[in-house]
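S.K.: sequence and computational prediction follow.
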Amino acid sequence: MCGFAGFLGFGALGVESVPATAEKMGYAIRHRGPDDSGVWHDESGQIALVHQRLSILDLSPAGHQPMVSPSGRYVIAFNGEIYNHTA
């Protein structure tokens, strides 16, 4: 199973510390998904998402997460199975 971490509101942490802090969080749960990792943060919304990927079906880089929509408005970190994906 993949691993997720994140936080909302940077508070006293400071914007400049967010990427390094999120990376450390991801490293702490690396055992949950050793195949890939990703970090996304939005300074204006004060939110950070971390994803550790365990690749089972899709081994390509197309499964890299967190995923950002083409417009940049939406971000998702997902774990689960999508049935009928080959249909």
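M.R.: Yes, it's here. Residues are numbered from 1 along each chain as shown.

S.K.: how about Val68: what's its closest non-neighbour residue?
M.R.: Of all residues not flanking Val68 in the chain, Val75 sits nearest, at 5.2 Å (CB to CB, 6 or more residues apart in numbering). In short, each C-beta sits where N, CA and C put it, glycine included.

S.K.: for Ser69, see how far away the one you found is.
M.R.: With distances taken as CB to CB, to the nearest Å, Val75 is found 7 Å from Ser69.

S.K.: who's more crowded, the two?
M.R.: Taking other CB atoms under 10 Å, Val75 and Ser69 do not tie; Val75 has more neighbours (16 against 9).

S.K.: distance of the more buried one from Gly6?
M.R.: 10 Å.

S.K.: again with Asn84
M.R.: Look at Asn84 and Gly6: by CB to CB, they are 30 Å apart.

S.K.: okay, the two: which has more neighbours?
M.R.: Counting neighbours by other CB under 10 Å for Asn84 and for Gly6 shows that Gly6 has the greater number, 17 against 5.

S.K.: phi, psi for Phe7 please.
M.R.: phi -150, psi 160 (degrees, to the nearest 10).

S.K.: okay, now Ala20: neighbour count?
M.R.: The burial count assigned to Ala20 is 11, neighbours taken as other CB under 10 Å.

S.K.: and it, which helix or strand is it part of?
M.R.: Of the helices and strands defined by DSSP states H and E, Ala20 is found in helix 18-28.

S.K.: give me the helices and strands touching that helix, please.
M.R.: With contacts defined as 3 or more CB pairs under 8 Å, 6 or more residues apart in numbering; DSSP states H and E, the packing partners of helix 18-28 are strand 3-8, strand 36-42, strand 47-53.

S.K.: could I get the average pLDDT for it?
M.R.: Per-residue pLDDT over helix 18-28 has a mean of 91.

S.K.: how many degrees apart are it and strand 3-8 in direction?
M.R.: Taking axes from the mean of the first three to the mean of the last three CA atoms, to 10 degrees, one finds that helix 18-28 is oriented at 150 degrees with respect to strand 3-8.

S.K.: mutual contacts of Val75 and Gly6, please.
M.R.: Each of Leu49 lies in contact with both Val75 and Gly6 under the rule CB atoms under 8 Å, 6 or more residues apart in numbering.
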